[in-house]
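1. my questions are about this predicted structure, shown below with the sequence.
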Amino acid sequence: MAYGNFQFKGKGGGYFWLMIWTSVLTIITVGIAYPWMMCAIERWKASHTYIDDKQLVFKGSGAGLFGTWLLIILLTVITLGIYAPWGACRLLRWKTNNLFFASAGDVENF
């Protein structure tokens, strides 16, 4: 039987401004900043998510995602979109591999 207490404590206003500045940055850089935008969003989500009163932390970086993201884009274009489901799973795997329970030094105020 499944158990655990999952909570999300984020607010719409904070997420709204995060989406505004990350979208503007991505548009200005013609999409190159997308990995950094995605990591900022994942950090925000993790910092507001708790499992059994333990906060999560996302430790991925845009630089660490950039190569994987570029490969996913390239393979999706080459295969005319056929690779997209595998790319989405690869991206989700990367996000999950960079998600941890926060320790005392990891907690940030967003």
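-> On my side now, so go ahead.

2. show me what the host helix or strand of Leu65 is packed up against.
-> In the assignment (DSSP states H and E), Leu65 maps to helix 62-78. On a contact count with 3 or more CB pairs under 8 Å, 6 or more residues apart in numbering; DSSP states H and E, helix 62-78 meets helix 34-47, helix 84-97. Glycine gets a C-beta too; all of them are placed from N, C-alpha and C.

3. what's in contact with the first one?
-> Contact with helix 34-47 is made by 8, 10, 14-15, 18-19, 22-23, 25-26, 55-58, 60-63, 65-66, 69, 95, 98-99, 107-108, 110, as judged by CB atoms under 8 Å, 6 or more residues apart in numbering.

4. just the buried subset of those, written out for PyMOL, thanks.
-> Here is the PyMOL selection string for the buried members of the contacts of helix 34-47, based on 16 or more other CB atoms under 10 Å:
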select buried, resi 18+22+26+55+56+57+58+60+62+65+69+95+98
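
5. what sits up against the helix holding Leu65?
-> Here helix 62-78 makes contact (CB under 8 Å, 6+ apart) with 33-39, 82-84, 86-87, 90-91, 94, 98.

6. closest to Gly4 among those residues?
-> Asn98 (20.8 Å; CB to CB).

7. so how far is Leu80 from the closest one?
-> Distance of Asn98 to Leu80, given as CB to CB, to the nearest Å: 30 Å.
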